[in-house]
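Colleague: Okay, sequence plus prediction incoming.
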Amino acid sequence: MPCDFVLGIKGATTSDAAFSGKAAFLARQRATRAAGRQSMFRWMIYPAQTDHLALPQTIESDDAGGFAEWKTVHRPAMYVYCIAKGLYHGDRGAVIDSQQRVLSDLLDAPPGPLHEPLIKTKPSLCSGNAMVLSSSRNHFHWLIKMLPRLHLLEQVGVLPARVDAVFINDPTAAQAEGYARARLAGRSLRIVGSRDFWCCSRLYVSSIPHDIPMWAVTFLRQLFGPVPPANNARAVYLMRGATTKRRVQNESDICEHLTKRGITPINLGHRSLVEQMHVIGNADVIVAPHGSALANLVFAREGTRLLEIFANPGNQKCYWMLARHRRLSYHYFVADAVPKGENPNEFDMVIPENKLDRALDLLLR
């Protein structure tokens, strides 16, 4: 592909549509064999599945959290795709096929109108094999959605040691620590900014496990290993801290109140990845507003008691699903929402102390 190549998006499609008519071979057919003979190829790693979840425990008089609509979870099949002359753009991790169509289901973004990626730089070229791993700095998206893609790619023999470029976002300190623990060679890591794009002789990318399948949790626990015992607090409150979304407006008062009940406030945003693992992995009780710090529940011990606090029923139910996989005792309640912007998932909240006490009594009894 020439260095003066100009990227012009010619619409969007889904990976299913782009690979229509192309057989989805099982993972035992390695990438180094069949993929070398076709411009586009895919492997099915996990078939589609459906899970049924029981409603969680709460002090609410009814389904105030809106969990009932999530009771049945349909998870799509997980694939690995190979695209000859594939393009990768850093804007939401856009994968673009040889016809210059964005594969919309592989974007790390919520459903909605597709905007053409911003083009501000010339393309970088990879004449060998490249793989897409991570496109998000958000701790939940990175840990629960992005890192498990490594497992999918490994199932077809696409190993980081055998590729020339591994595409990642500009990593946080915790993410850089995670890549090192996953033994990803620094020489192959390519940080792709939101306005950068790459032209690849052969691009490998996997589906994104949006709905927290069990295999992703199992992989992460195997990747990072068991959490060793540590002298950490056994009951913790995960602070929201100085965030711009889902702030707890009375958090200082709540922290003081919880301390009197023997629950230690902790800001995981100030901790290394290993320290976050130790805090969660050694806790018996976890209290937290909805937020990405709860992604670390993947490291929690079976039977840990969890109280998640929502601003409103519009918040996502991802940590309920994660708690189910880890066999945690999951409880929740809805605090007083403080509207901010148009997205209910980003509203601030005020936690009433009397309601918090009632929820804790149920959680701890």
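Modeller: Sure, I can see it.

Colleague: Report the separation between L7 and Y237.
Modeller: Between L7 and Y237 the distance, using CB to CB, to the nearest Å, works out to 47 Å. Quick note: C-beta positions are derived from backbone N, CA and C, even for glycine.

Colleague: next one: E154
Modeller: Applying CB to CB, the value for E154 to Y237 is 37 Å.

Colleague: out of these two, which sits in the more crowded spot?
Modeller: Y237 (26 against 16; other CB atoms under 10 Å).

Colleague: which residues does that one contact?
Modeller: By CB atoms under 8 Å, 6 or more residues apart in numbering, the contact list for Y237 reads I254, C255, L258, I263, T264, P265, I266, V287, A288.

Colleague: how about the nearest residue to I309, chain neighbours excluded?
Modeller: Distances taken as CB to CB, 6 or more residues apart in numbering put P289 closest to I309, at 4.7 Å, once the chain neighbours are dropped.

Colleague: try A64
Modeller: The nearest residue in space to A64 (CB to CB, 6+ apart) is V334, at 5.0 Å.

Colleague: To which secondary structure element is Y88 assigned?
Modeller: When secondary structure is defined using DSSP states H and E, the element that contains Y88 is strand 78-89.

Colleague: what residues does the helix or strand that that strand is followed by touch?
Modeller: Helices and strands here follow DSSP H and E; after strand 78-89, the next one along the chain is strand 94-96. For strand 94-96, the surrounding residues in contact (CB under 8 Å, 6+ apart) are 7, 9, 81, 83, 86-89, 102-103, 106-107, 117, 132, 203, 205.

Colleague: Torsion angles phi and psi at the residue nearest to A64?
Modeller: Note on V334: backbone dihedrals following degrees, to the nearest 10 are phi -100, psi 120.

Colleague: Would you mind listing where this protein has pLDDT under the threshold?
Modeller: Residues of the chain meeting the criterion pLDDT under 70: 1-6, 21-38, 110-120.

Colleague: quick one: the helices in it?
Modeller: With DSSP state H, the ranges of helices along the chain come out as 15-18, 139-140, 148-154, 173-181, 214-224, 251-260, 273-281, 318-325, 353-364.

Colleague: before we move on, the earlier item: which elements pack onto the strand holding Y88?
Modeller: Other elements packing on strand 78-89 under the criterion 3 or more CB pairs under 8 Å, 6 or more residues apart in numbering; DSSP states H and E are strand 40-46, strand 94-96, strand 124-132, helix 148-154, strand 197-206.

Colleague: quick revisit: what's the local residue count around the residue nearest to A64?
Modeller: Other residues within reach of V334, judged by other CB under 10 Å, total 19.

Colleague: and what of the one 10 residues further on?
Modeller: Residues near P344, counting by other CB under 10 Å, number 15.

Colleague: Who are the contact partners of the residue most central in space within the chain?
Modeller: Centroid-nearest residue in the chain, with CA atoms, centre = their mean: H141, separated by 2.5 Å. H141 makes contact with D108, S292 under the criterion CB under 8 Å, 6+ apart.

Colleague: Same question for the one 10 residues further on.
Modeller: When contacts are counted by CB under 8 Å, 6+ apart, H151 touches W215, A216, F219.

Colleague: Buried among those residues? Make that a PyMOL selection.
Modeller: Those of these that count as buried under 16 or more other CB atoms under 10 Å are selected in PyMOL with:
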select buried, resi 215+216+219
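
Colleague: Dump the contacts of H151 into TSV; add distance to P209 as well.
Modeller: Formatted as TSV, these follow (distance: CB to CB, whole Å):
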residue	distance to P209
W215	8
A216	5
F219	10
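
Colleague: Which of the contacts of H151 sits closest to Y179?
Modeller: The closest of these to Y179 turns out to be F219 (CB to CB; 15.1 Å).

Colleague: Distance of that closest one relative to I280?
Modeller: For F219, the distance to I280 (CB to CB) stands at 17 Å.

Colleague: Quick check: bridge partners of F167?
Modeller: V132, R190 (DSSP bridges).

Colleague: so it makes contact with R190?
Modeller: Yes - using CB atoms under 8 Å, F167 is in contact with R190, at 5.4 Å.

Colleague: between the two, who's got more neighbours?
Modeller: With other CB under 10 Å as the criterion, F167 and R190 differ in neighbour count, and F167 comes out ahead with 27 against 16.

Colleague: List the contacts of that one.
Modeller: With contacts taken as CB under 8 Å, 6+ apart, F167 has the following neighbours: Y88, A130, M131, V132, L133, S134, S135, R190, V192, W198.

Colleague: List buried residues within those.
Modeller: Among these, the ones that count as buried by 16+ other CB under 10 Å are Y88, A130, M131, V132, L133, S134, S135, R190, V192, W198.

Colleague: Without its sequence neighbours, what residue ends up closest to the third one?
Modeller: Ranked by CB to CB, 6+ apart and with sequence neighbours excluded, the top spatial neighbour of M131 is Y204, at 4.5 Å.

Colleague: Where do the domain boundaries of this structure fall?
Modeller: For the chain, the structural domains run 12-44+77-224, 235-364, going by automatic domain parsing.
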